[in-house]
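[1] sequence and predicted structure, then a few things I'm wondering about:
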Amino acid sequence: MTRRTVMAGLALAPVAGAAAREGIVESESSLVLPSGRVMPFRLWRPVGDGPLPLMLFSHGAFSRPDKYRNLVEPMAAAGFVVAAPLHADTPDHPGGGKIDPADSMAFRMEDMRALIRMRASIGADNGPVVACGHSFGALIAQILVGARVAARGTGAAAEDGDCDLALAFSPPGPFPPNIPETTWETVSRPMFVQTGTADILPMIAPRWEAHKLSYDTTPAPALLFVGEGVDHYFGNLYGRPERTETPQRVQFDGAIAAALALVRAVRSGGSIAAITEVQPGLARLEARNV
């Protein structure tokens, strides 16, 4: 894929002013979905030609893909095409985020599944797909591997079967009625779940442990990363880079390394339990159902 690609009406253009890390190309485009909605999205990939494995990324509420460069660039450097839609529920979307909240999950799922269907047009191969996300976006990634919520448009779809694992950074805990405690009991593929001992959101997760319920209840293999003193944004490393909190870089780097270790283990048939044998700095790793 060149710096500018036009394929079936899809134009991928370099992002003006983007300061991507060396060896990574960042581009952007948009797609009109069958429903008529416009879905802008960004891509990150290593420099070079040839199709690569696809990783989908779903951003957190009220955020946008470019606020996650610290997360998606290392994933791209590991050999992925990372595709991140700008979801319709964020104020930065061309529609201003003015949608019925009841449609939010359905629209997000439509975005992610559309990118799976169009993978060839964005330089991705036809192999298994990694579903990744942060916060609300982490739940979207988990739905792609079998989690079930009480919201329209989130039931199983054919595209979901292409996702062989999920990387869930600070996923939500139960939030009735839409997100019951049983949400993750139907997950059928491996998951990485990350949280931290300061990952507290008073109205959503008054205790940090709420974020690890998906790990505690999944019947599938899972790897848990708990960062010491880590909040919802690793200080200001992603999601809210405008925050003035100190970056929690040591823990963040450890989380990225652990997530990629899970991907390698799943893709190679390696041991997930073995990942926990070397504990990261200022964090702990544990595994279950392995």
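    Looks like it came in fine. Keep in mind that this is a model prediction, so the values were computed, not measured.
[2] tell me the buried residues in stretch 79-87?
    Within stretch 79-87, the residues that qualify as buried by neighbour count (16 or more other C-beta atoms under 10 Å) are 80, 81, 82, 83, 84, 85, 86, 87. All C-beta atoms are positioned from the backbone trio N, CA, C, and that covers glycine.
[3] low-confidence stretches in the stretch 1-150 of the chain?
    For the stretch 1-150 of the chain, the stretches flagged by pLDDT under 70 are 1-10, 16-20.
[4] that one: helices as residue ranges?
    Taking DSSP state H, counting those that start in this stretch as the criterion, the stretch 1-150 of the chain contains helices spanning 69-77, 104-117, 136-143.
[5] the longest one versus helix 136-143: what angle between them?
    Inter-element angle recorded for helix 104-117 and helix 136-143: 60 degrees (by axes from the mean of the first three to the mean of the last three C-alpha atoms, to 10 degrees).
[6] which among the helices of the stretch 1-150 of the chain is found nearest to residue 62?
    For residue 62, the closest of those is helix 136-143, at 9.1 Å, according to C-beta to C-beta.
[7] from the chain's centre, how far out does the closest one sit?
    The chain centre lies 7 Å from the centre of helix 136-143; the measure is C-alpha atoms, centre = their mean, to the nearest Å.
[8] give the next helix or strand downstream of it.
    Following helix 136-143 in sequence order, the next helix or strand is strand 163-169 (DSSP states H and E).
[9] contacts for that next one, please.
    Under the criterion C-beta atoms under 8 Å, 6 or more residues apart in numbering, residues 56, 71, 116, 128-135, 138-139, 141-142, 144-145, 187, 189-194, 214, 255, 259, 262-263, 266-267 lie in contact with strand 163-169.
[10] now the buried members of those residues.
    With neighbours counted by 16+ other C-beta under 10 Å, the contacts of strand 163-169 contain buried members at 56, 71, 116, 128-135, 138-139, 141-142, 144-145, 187, 189-194, 214, 255, 259, 262-263, 266.
[11] what angle do the top strand by length along the chain and strand 163-169 make?
    Secondary structure of the chain per DSSP state E: the longest strand is strand 124-134. Using the same axes, to 10 degrees, the direction of strand 124-134 lies 30 degrees away from that of strand 163-169.
[12] neighbouring strands for strand 124-134, and are they parallel or not?
    If you go by DSSP bridges, strand 124-134 pairs up with strand 52-58 (parallel), strand 163-169 (parallel).
[13] export the buried residues of stretch 79-87 as CSV, with columns for distance to residue 99.
    CSV is the format used below for the buried residues of stretch 79-87 (distance: C-beta to C-beta, whole Å):
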residue, distance to residue 99
80, 29
81, 27
82, 25
83, 21
84, 19
85, 14
86, 13
87, 9
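[14] farthest pair within those?
    Across those, the two lying at the largest distance from each other (C-beta to C-beta) are 80 and 87, at 20.0 Å.
[15] quick one: low-confidence ranges for the stretch 151-290 of the chain?
    Residues of the stretch 151-290 of the chain that meet the cut-off, pLDDT under 70, do not exist.
[16] do a quick rundown of the helices in it.
    Going by DSSP H, counting those that start in this stretch, the stretch 151-290 of the chain shows helices at 213-217, 249-268.
[17] among the ones you listed, which comes closest to residue 67?
    Closest among the helices of the stretch 151-290 of the chain, using C-beta to C-beta: helix 249-268, at 14.2 Å.
[18] tell me how far the closest one is from the chain's mean position?
    13 Å.
[19] that helix - contacts with which helices or strands?
    Here helix 249-268 touches helix 69-77, strand 124-134, strand 163-169, strand 191-196, strand 222-227, strand 283-288, going by 3 or more C-beta pairs under 8 Å, 6 or more residues apart in numbering; DSSP states H and E.
[20] would you turn those into a markdown table with distance to residue 99?
    Formatted as a markdown table, the helices and strands packed on helix 249-268 follow (distance: least, C-beta to C-beta, whole Å):
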| stretch | distance to residue 99 |
| --- | --- |
| helix 69-77 | 24 |
| strand 124-134 | 19 |
| strand 163-169 | 24 |
| strand 191-196 | 28 |
| strand 222-227 | 32 |
| strand 283-288 | 37 |
